[in-house]
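[1] Model the following, please.
(chains A, B and C)
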Amino acid sequence: MPVARRETCDARVIAHVDMDCFYVQVEQRKQPSLRGLPTAVIQYNSYKGGALIAVSYEARRCGVKRSMRGDEAKEACPQIQLVQVPVARGKADLNSYRNAGSEVVSVLSHKGLCERASIDEVYLDLTHAAESMLMETPPECTQDFEEEVLKSHVLGLEIKDGSDAKEEVRKWLCRSDARYQDKLLACGAIIVSELRMQVLKETEFTCSAGIAHNKMLAKLASAMNKPAQQTVVPHSSVEQLLASLPIKKMKHLGGKLGSSLQSDLGVSTVGGLLQFSEEQLQQWYGINTGTWLWNIARGVNGEEVEGRLLPKSHGSGKTFPGPQALKTIDSVQYWLNQLCEELNERLHSDLDQNKRIAQTLTLHVRAYKIGDSDSHRKFPSKSCPLRYGSRKIQEDALILFQAGLRDFLGFNTFKVHGNENNNWGVTSLSVSASKIVSIPSGTHSIAKYFGGKGKFPSSSTSNQSVDVVINETVPSSSSGSENCTGMVPYDLQLQYLDDTGMKHSDACLDPQDPLNHLSSKADGLTEESILMSPSGSEDRMAHGEPRRVLLAKDLSPVSNISSLKAVGKKKRAAGKKENCSIINIFNNYHNSQSSLKLKVTNAHDVKISSALGSSSADDSYSTCNEDIDTNKGGCSVVIPQGREAWCSYHIDEIDPSIIDELPPEIQQEFRTWLRPQKRPSVAKPGSSITHYFLPDKSR
DNA sequence: ACGGATTTGACC
DNA sequence: TGGTCAAAT
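    Down below sits the predicted model:
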């Protein structure tokens, strides 16, 4: 059943590039006087001198460890320079590091496939570049190598006493009798050293790298010689390397799995796994993990480098340890608001710079109940469709919190409301936005359609809006397959309705019009209705924009196509004169395809559907100037994903009549997007773990 | 008072 | 699926 997609054994050239104590470097670039000094980046100076989050190599030499607090670091290394992480909205603000990471990515991404693995790490697939080099300018014919390549570490290459390491490396690079794969790796080493020099020149950051024939080995190698060095893993060195490699050094084995490997099997090195059959490993750890282990013991890892330069989600969170635990809804709301503001800002940056939209909002909470020492991990995370705009995200996050709190406290036990609480404390909050898709960057008209004037998603005109509708109960037809998250003690249905009022003229898109997110009159949604919060109490976030909460009975049955679509199974109101924006089509597709559906909770449904609309004017977010400054040369990483984005839609499922509702220019552009996409959709390389393993294990 | 804040991926 | 958990940096 594991399908081998690729027959070739690895004749690939994969690199892992890892920035050296990245946050420190970013701060040192900002403040060059710190260069060369023992330095650490800390956050929150209050408790024991703050927590270290990055430590320079000078400081590490003084014995400073990452797990120390500021005070201990001072003790270990009195001369240490402690730099505080930027703070915004009362929490750590990592934007400058993210932006710096993007700078690096934009340098590293033009020599081959590039995958942003974290804020300061990338994987590169340099196979093609290496092959070309081997054809055109093979190392064996090269006279002078850059110093930097010659400083490479080549695993298994013996450097005898008295011999010149660089000379040995040079000879290794030039070996004419090397295996083909190792010649490729030699080319890879040359390319990577050039890339690293370029990174240094263009960003002033140093990095380390590993060059090998797969991701796992490249990753392993990049950590072996730091800082500012690179390590090559020739094929012949793999066996020895793994034979003595402690289990925990291997990625994914640094935690519980690695520990159980030691306790279950008594192995302490990766090579130790060789004595177990694949079946044995599968029996212990399951099919996938078992096979994965069997493979890595042999240095086999077919995981591909994904061409992805941008993160898959955005999150913003904060912990409230010990005495700082939040004990009132108000304080929770306050912090949720801060977090959501940051999230919103980042979502809009992503929209501006990368033309991407996120579709799901998730709230994670950690909390305790007094007298219940076991309660710590039990606060359920909750998610809902993401609506753009600070206010809306804040509202939804609070609703998610209240829903989670009800579950957490055990439903009808306590009042969720009221601020008097001595039963619980929240020790951590985080909001995140996921399911990010590209929108067609296309060109003119689509862009204009979204953004209004000129440039696409202009900062001030994010499109989005959804109104909250509270239905009066409909006894739910338990449609079987749903999981019961718990009973909601209210006979309410929660619906997020589309912005159905979008007209297709510039005028109606006026973001300054606070009403432009409301449904059009034709939909029968214009009545002001009662404010109701799911908890049945007064609305506590009622400041600012008047929230429109509508009773569902006000809705005409056909008024809301997209929620019908989301709720019902592909029921399609024929040729309905619908209010569709491209973005609605977009969203509707995704809604019906994936996430949004109904969740049935016993007798009470919570139905959620959504779409983008337009944000009200007061959804302020500012693109931070600083970010732009640090982004020299416009470092927003632009990737050609727009087209692919459309590829992923099953256009056949889009009702053609919807398109007819679009303004003519949009229609045309839309169709040109649709047409070429007829070819079978490119199967996205799965992300399952099965996918790591490759061919091998014949079958 | 897990270094904290993120991010990703597997699994059920 | 959504939600939980592990793991990494």
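
[2] Tell me how many other residues surround whatever residue of the stretch 51-200 of chain A ends up closest to DNA strand C.
    DNA strand C sits closest to residue A:118 of the stretch 51-200 of chain A, with a gap of 4.7 Å, by C-beta to the nearest atom of the strand. From N, CA and C alone the C-beta is placed, and that goes for glycine too. Residues lying near residue A:118 (other C-beta atoms under 10 Å) number 11.

[3] What ranges does the stretch 351-500 of chain A have for its helices?
    Under the criterion DSSP state H, counting those that start in this stretch, the stretch 351-500 of chain A carries helices at the ranges A:390-409, A:444-451.

[4] Compare those and report which one is nearest to residue A:100.
    helix A:390-409 (25.6 Å; C-beta to C-beta).

[5] Briefly note if that closest one comes near DNA strand B.
    No - using C-beta under 7 Å from any atom of the strand, we find that helix A:390-409 stays clear of DNA strand B, coming within 13.8 Å at best.

[6] For chain A, give me the ranges with low pLDDT.
    Scanning chain A for pLDDT under 70 picks out the ranges A:1-9, A:411-420, A:441-699.

[7] Domain ranges for it, per the record?
    Chain A breaks down into these domains under automatic domain parsing: A:18-96, A:310-438, A:442-617+A:657-662.

[8] What residues does the stretch 201-350 of chain A have near DNA strand C?
    Near DNA strand C, when you scan the stretch 201-350 of chain A using C-beta under 7 Å from any atom of the strand, you find A:219, A:223, A:248, A:250, A:251, A:252, A:253, A:254, A:255, A:256, A:257, A:258.

[9] Phi, psi for the first one please.
    For residue A:219, the backbone dihedrals are phi -60, psi -50 (criterion: degrees, to the nearest 10).

[10] tell me the most buried of the helices of the stretch 351-500 of chain A?
    Ranked by mean neighbour count, the helices of the stretch 351-500 of chain A are led by helix A:390-409 with a mean of 22 (mean count of other C-beta atoms under 10 Å).

[11] circling back: how about the residue of the stretch 51-200 of chain A closest to DNA strand C, what does it touch?
    Residues near residue A:118 by C-beta atoms under 8 Å, 6 or more residues apart in numbering: none.

[12] Kindly recompute the last result at 10 Å.
    Residue A:118 sits next to A:18, A:19, A:22, A:101, A:311 when contact means C-beta atoms under 10 Å, 6 or more residues apart in numbering.

[13] what separates the fourth one from residue A:424, distance-wise?
    Distance check for residue A:101 against residue A:424: by C-beta to C-beta, to the nearest Å, it reads 37 Å.

[14] the more surrounded of the two?
    residue A:101 (25 against 19).

[15] so that one is in which element?
    Assigned by DSSP states H and E, residue A:101 falls within helix A:95-108.

[16] in that helix, what's buried?
    Applying a neighbour-count criterion of 16 or more other C-beta atoms under 10 Å, one finds A:95-108 buried in helix A:95-108.

[17] Of the helices of the stretch 351-500 of chain A, which is nearest residue A:13?
    Of all the helices of the stretch 351-500 of chain A, helix A:444-451 sits nearest to residue A:13, with 37.8 Å by C-beta to C-beta.
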